[in-house]
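**Q** here is a sequence with its predicted model. Questions after.
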Amino acid sequence: MKQEFIITVYSENHIGLLNRITINFTRRKINIESLTVSASAIQGISKFTIVVNETEDRVKKVVSQLEKVVDVLKAFYHTNEEMVYQELALYKVQTESLYESDQIEQLVRKSGARILEITREFTVIEKTGHKTETQKMFDDLSQFGVLQFIRSGRIAITRDPIERLSEFLKERDALLESMD
Amino acid sequence: MATKRVTGSQAVILSLLEEGVDTIFGYPGGAIMPIYDALYDFDKQITHILTRHEQGAVHAAEGYAKVTGKAGVCFATSGPGATNLITGIADAQIDSIPLVCITGQVASPLLGTDAFQESDVVGISMPVTKWNYQVTNIEEIPEAIAKAFYIAQSGRPGPVLLDIAKDAQVQELDFEYKKCTKIRSYISEHPVDPFKVKEAADLINEAKKPLLLFGQGVIIANAEDELKTFIEKTGIPAAWTLLGLSALPSDHPLNVGMLGMHGNYGPNIKTNEADLIIAVGMRFDDRVTGKVSAYATNAKIIHLEVDPAEINKIVKVDVGVLGSAKKSLPMLTLNVKENKHEAWLQEFRDCDKIEQEKVIQKDTFPTKEGLTMGEAVRMVSEKVNNNAVLVTDVGQQQMIASRYFKFTQSKSNVTSGGLGTMGYGIPAAMGAQLGAKDRTVCCFVGDGGFQMTLQELGTIVQNKLPVKIILLNNNFLGMVRQWQQLFFDRRYSFTELQNPDFIMITNGFGMPAHKVSKREDLEAGVQKMMEHDGPYLLEVVCEKEDNVFPMVPAGASVSDIILEA
């Protein structure tokens, strides 16, 4: 059964690695629903957070292929339930629509969104949350006309008490030493 | 180590020498000219083979790597030179062949400007390389080459590509070389888990009908002796994949033959009767398994494998033993009881008898008028005392040669397995000959594949490589024709060839050649080829519509193997 999985890839910070990672999905015709790349807590190590809608078996196989990539240190996969995750959305509306009624103000208050910038012409609203929440905000704002809308890729951290990457790096160093 | 002021191009050559490179296959061009200029001063240490096409260079490098176990090295220029390497790189990737391909690239300020002969080689080769890297900074050259060799040759080997910008080739640096022995993000070979070995040994000790399947992993790991010791202690019959061929001598009493689509009857049919499968260094390719859901249906499965991603990829295993077969096999041997499986082995011999009668006899000692590929292969194998390097192209001759050529030593089989690259044979044979100078190299090729890369006859002659080419000519793309006959109602859609005069063409390259079309001339023809000092082509005109049997039809179970149409 297909479901949403969050794949986390830790790698060296090298040029072209994003391509090397995504071709593993392309080749298997797996669509990437969301992708975020950023520096991890450990210097020099990049972290990819990839959301896919797939069966666990296929996800498991693609993760083991990702781990084969020479510059990849480790790849994990999790279900949504196993992680705390968040996305960020920005909405641009006409400032005029805020004058007309207090509905937008109510929406912002109720959903815990905030206003980033107000100019004479437009207002930028920011909301963090799961996709369903940021989507609902979009739907609610649509009646006032949304000039622009953008949603970030997902970021996620595990519910584990330990930092898996530092554990892994310790084990890896020991293994490399034993190879001498 | 003392440093020395050199150009980037000299650094490339010095680095290759540090890695023990003695042979390079390549083709010069604009963006790699500085490297070729540096190479000019090293003709005593390095043999450069100028092929007639970059595809020839890369397949030759594959052939060289296969017989030596060392990385094959090739050079090509940017743009078309580099893209012409891609087929061979993809071939090496799927067959785990160590290659270091070095391509020239336009100068770094021109990258991304559609400069003359610029192509995104790193991007193009990414899906088919184990690792690749573009060097734009001269200081990176020694380290990048060290990394390239380490990655190409360690663990599960594979092709790597270094794309070196022209400006980096001409700048200067203080050269210092340090071999790469580890990379933090890459574990070439995981240590063998003794608990997994114990679990595997328990299954082996209990099994009544165990069958061992070995692949190229045994050859890559140099674990041929370890394999032999294991099967001799346990008495377990051993069958091979196409790429595992030659790891175990053909006449070994426990060698029960080839697996897969055109493999032997016994190992295919017995796969579904075995109660235990021990897979060593093989990857359950679909040509081996047939229909996966109907594969090894009564067996528990043990998988000894160096690549973690291969375990549970195609078939679910009961015990996966990660690590090199060189290390895991001896550990397993220590933990298993001595055994004999005489009755089980007899079942294989009974299958052999059936196959002998229905297929092998007719193939190798035919009585019909036309010559068969099988008799030509048998004849050549006998003339070389079953001790030559076999190089095959792809198609019917490949399957027939793999079935009937006999082997006494390992690293003697050079073929394109996973990718099935027609045109592989001739260039791979010249690479194999350079890697195994003292051995006889016999290359079987069909009339289709021969015409894909026959320009390399020129390279063979120029370098006086004494390869023996046996052209099995049936005037058809034979394997496709066979499928058309069996599965497409004999609709021979674009498989018949109007061929040139192969003897005249070969002679045109300055190579002697001879054609036989009658049975009574075959032996003398083969004899003459073998006695000739130097390269030689023997064209054997074969029956036009012969088929390769046995056959597991595509999508069928290995149990449904057919012996005749």
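**A** Right, received. Where do you want to start?
**Q** other residues contacting the longest helix along chain A?
**A** Taking DSSP state H as the assignment, the helix of chain A that covers the most residues is helix A:164-178. When contacts are taken as CB atoms under 8 Å, 6 or more residues apart in numbering or on different chains, the neighbours of helix A:164-178 outside the stretch itself are A:10, A:40-42, A:45, A:73-74, A:76, A:158, B:182, B:184, B:187, B:191. For every residue, glycine as well, the C-beta is placed using N, CA and C.
**Q** isn't A:Leu18 right up against A:Ile32?
**A** No - with the criterion set as CB atoms under 8 Å, A:Leu18 and A:Ile32 do not qualify as a contacting pair; they are 10.9 Å apart.
**Q** so what sits against both of the two?
**A** Listed contacts common to A:Leu18 and A:Ile32 are nil; contacts here mean CB under 8 Å, 6+ apart.
**Q** what is the mean pLDDT for the longest helix of chain A?
**A** Taken as a whole, helix A:164-178 carries a mean pLDDT of 87.
**Q** and stretch B:39-57, by the same measure?
**A** Stretch B:39-57 shows a mean pLDDT of 98 in the predicted model.
**Q** name the residue of chain B that lies nearest to chain A.
**A** Evaluated by CB to the nearest CB, chain B has B:Ala309 as its residue closest to chain A, separated by 4.1 Å.
**Q** surely that residue meets A:Leu66?
**A** No - if you go by CB under 8 Å, B:Ala309 and A:Leu66 don't touch, sitting 9.1 Å apart.
**Q** between the two, who's got more neighbours?
**A** Just comparing B:Ala309 and A:Leu66: by other CB atoms under 10 Å in any protein chain shown the higher neighbour count belongs to A:Leu66, 23 against 17.
**Q** list the buried residues of the longest helix of chain A.
**A** Under the neighbour-count criterion of 16 or more other CB atoms under 10 Å in any protein chain shown, helix A:164-178 has A:165, A:169 buried.
**Q** same check, this time on stretch A:9-26
**A** By neighbour count on 16+ other CB under 10 Å, the buried set for stretch A:9-26 is A:9-12, A:17, A:20-21, A:23-25.
**Q** contacts only, for residue 27.
**A** With no chain named, the answer covers chain A. Residues counted as contacts of A:Arg27 (CB under 8 Å, 6+ apart) are B:Pro127.
**Q** my bad, chain B
**A** Taking CB under 8 Å, 6+ apart as the criterion, B:Tyr27 is in contact with B:50-51, B:53-54, B:57, B:75-77, B:81.
**Q** hmm, back to that, quick check: PyMOL command selecting the buried ones in the contacts of helix A:164-178.
**A** Selecting just the buried residues from these in PyMOL takes one command, with 16+ other CB under 10 Å as the test:
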select buried, (chain A and resi 10+40+45+73+74+76+158) or (chain B and resi 187)
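**Q** re the thing from before, what is the most widely separated pair among the buried residues of stretch A:9-26?
**A** Across those, the two members that end up farthest from each other (CB to CB) are A:Glu12 and A:Phe25, 19.7 Å apart.
**Q** how many neighbours does residue 142 have?
**A** Here I'm looking at chain A. Should you count by other CB under 10 Å, A:Ser142 turns out to have 12 residues around it.
**Q** let's do chain B instead
**A** Using other CB under 10 Å, the number of residues around B:Pro142 comes to 23.
**Q** just confirm it is within a helix.
**A** Yes - using DSSP: H, G, I helix; E, B strand; the rest coil, the assignment for B:Pro142 is a helix.
**Q** returning to that earlier point: nearest spatial neighbour of the residue of chain B closest to chain A, skipping sequence neighbours?
**A** Take B:Ala309 and drop its neighbours on the chain: the residue closest to it by CB to CB, 6 or more residues apart in numbering or on different chains is A:Ser64, 4.1 Å away.
**Q** before we move on, the earlier item: pick the one among the contacts of helix A:164-178 closest to B:Ile102.
**A** Using CB to CB, the shortest approach to B:Ile102 within the contacts of helix A:164-178 belongs to B:Lys182, at 22.8 Å.
**Q** most neighbours, which of the contacts of B:Tyr27?
**A** Counting neighbours by other CB under 10 Å, B:Ala57 leads those with 31 neighbours.
**Q** residues contacting that residue?
**A** Going by CB under 8 Å, 6+ apart, the list of residues near B:Ala57 reads B:25-27, B:49, B:51, B:74-76, B:85, B:88, B:427.
**Q** what strand or helix carries it?
**A** When secondary structure is defined using DSSP states H and E, the element that contains B:Ala57 is helix B:54-68.
**Q** can you list the domain ranges for chain A.
**A** Each domain of chain A is listed here as a residue range: A:3-84+A:155-173, A:88-151, per automatic domain parsing.
**Q** I should have written chain B there, sorry.
**A** Here the domain parsing of chain B from automatic domain parsing is B:4-175, B:194-348, B:369-542.
**Q** what residues does chain A have near chain B?
**A** Proximity of chain A to chain B is assessed by CB under 8 Å from any CB of the partner chain, with A:11-12, A:15-16, A:19-20, A:23, A:27, A:61, A:64-65, A:67-68, A:70-73, A:172, A:175-176, A:178-179 identified as the residues in range.
**Q** residue 55: neighbour count?
**A** I'll assume chain A. Neighbour count of A:Thr55, defined by other CB under 10 Å: 13.
**Q** should've been chain B
**A** What B:Gln55 shows, counting by other CB under 10 Å, is a neighbour count of 25.
**Q** for the residue lying closest to it once chain neighbours are set aside, grab phi and psi.
**A** Taking CB to CB, 6+ apart, and ignoring the residues beside it in sequence, B:Gln55 has B:Asn84 as its nearest neighbour in space, at 5.4 Å. Dihedral pair for B:Asn84: phi -70, psi -20, per degrees, to the nearest 10.
**Q** looking at it, B:Asn84 is touching B:Gly56, isn't it?
**A** No - checked against CB under 8 Å, the pair B:Asn84 and B:Gly56 is beyond contact range at 9.0 Å.
**Q** ok, these two, which is more surrounded?
**A** In terms of neighbours (other CB under 10 Å), B:Gly56 is the more surrounded of B:Asn84 and B:Gly56; the figures are 30 against 18.
**Q** contacting residues around that one?
**A** Contact criterion CB under 8 Å, 6+ apart gives B:25, B:426-427, B:430, B:453, B:455-456, B:459 as the residues in contact with B:Gly56.
**Q** looking at chain A, which helix or strand is least sure?
**A** Evaluated with mean pLDDT, DSSP states H and E, the helix-and-strand set of chain A has its lowest mean pLDDT in helix A:164-178, which scores a mean of 87.
**Q** export the domains of chain A to CSV and tack on distance to B:Met399?
**A** As requested, those are arranged in CSV below (distance: least, CB to CB, whole Å):
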stretch, distance to B:Met399
domain A:3-84+A:155-173, 28
domain A:88-151, 53
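**Q** leaving out chain neighbours, which residue sits closest to the residue nearest the centre of chain A?
**A** For chain A, A:Arg154 is the residue whose C-alpha lies nearest the centre (CA atoms, centre = their mean; 1.6 Å). On the basis of CB to CB, 6+ apart, the spatially nearest residue to A:Arg154 that is not a chain neighbour turns out to be A:Ser34, at 4.7 Å.
**Q** so that neighbour sits right up against A:Thr134, yeah?
**A** No - with contact defined as CB under 8 Å, A:Ser34 does not reach A:Thr134; the gap is 11.7 Å.
**Q** anything in contact with each of these two?
**A** Listed contacts common to A:Ser34 and A:Thr134 are A:Glu87; contacts here mean CB under 8 Å, 6+ apart.
**Q** which parts of chain A are helices?
**A** Taking DSSP H as the criterion, chain A carries its helices at A:17-27, A:56-68, A:95-100, A:103-111, A:131-142, A:164-178.
**Q** and the shortest one, what does it pack onto?
**A** Okay, so that is helix A:95-100. Applying 3 or more CB pairs under 8 Å, 6 or more residues apart in numbering or on different chains; DSSP states H and E, one finds that helix A:95-100 contacts helix A:103-111, strand A:122-129.
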